[in-house]
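J.: pasting a predicted model and its sequence here:
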Amino acid sequence: MAYDTNNIFARILRGEIPCKKVYEDEYTLAFHDISPQAPVHVLVIPKGAYVSMDDLAANGSDREIAALYRAVSKVAHDLGVAAEGYRFLVNCGVNGGQEVPHLHVHIFGGRRLGRMIQIA
Ligand code: 5GP
């Protein structure tokens, strides 16, 4: 799938749409989800134009891939959910339920999440 430069997260990265930022570095941006599914629900996105985790794995640099993982861990610690545990999740493609075509890692925390967030 070709990258759509007008997707909502691309617009957030360009500053055209506001977000509640929690972290930013050279390669990543993290912000609160607009419709939280848990007491803590944050999205961590690469600054690069990657549609999905598959796209990043195939076309991203090792630095970008490492930065995304490190940002997830840092945000979980900074928001205070790491000690009690949290979940990170990436929806990929149609069957995965991905709605926004810019790679984003969900971080959920702040309560017992059960085995899965939702399958149906
Ligand atoms: P997906 O289903 O693609 O994995 O998740 C997309 C997520 O983006 C959803 O949890 C949704 O609430 C969130 N989202 C959609 N539009 C916006 C927005 O404009 N701002 C923020 N902060 N989150 C958004």
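T.: Cool, the structure landed.

J.: who touches the helix ranked longest in the chain?
T.: As assigned by DSSP state H, the longest helix anywhere in the chain is helix 62-78. In this structure, residues lying in contact with helix 62-78 by CB atoms under 8 Å, 6 or more residues apart in numbering are 22-23, 25-28, 30, 42, 44, 46, 48, 56-57, 82, 86, 88, 105, 107, 109. Just so you know, the C-beta spots here come from the backbone N, C-alpha and C atoms, and that holds for glycine as well.

J.: how about it: buried residues?
T.: Buried residues in helix 62-78, counted by 16 or more other CB atoms under 10 Å: Glu64, Ile65, Ala67, Leu68, Ala71, Val72, Lys74, Val75, Ala76.

J.: distance to Asn7 and pLDDT added to these, as JSON lines?
T.: Shown next, in JSON lines, are those (distance: CB to CB, whole Å; pLDDT from 0 to 100):
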{"residue": "Glu64", "distance to Asn7": "18", "pLDDT": "98"}
{"residue": "Ile65", "distance to Asn7": "20", "pLDDT": "98"}
{"residue": "Ala67", "distance to Asn7": "20", "pLDDT": "98"}
{"residue": "Leu68", "distance to Asn7": "17", "pLDDT": "98"}
{"residue": "Ala71", "distance to Asn7": "20", "pLDDT": "98"}
{"residue": "Val72", "distance to Asn7": "21", "pLDDT": "98"}
{"residue": "Lys74", "distance to Asn7": "25", "pLDDT": "98"}
{"residue": "Val75", "distance to Asn7": "21", "pLDDT": "98"}
{"residue": "Ala76", "distance to Asn7": "25", "pLDDT": "98"}
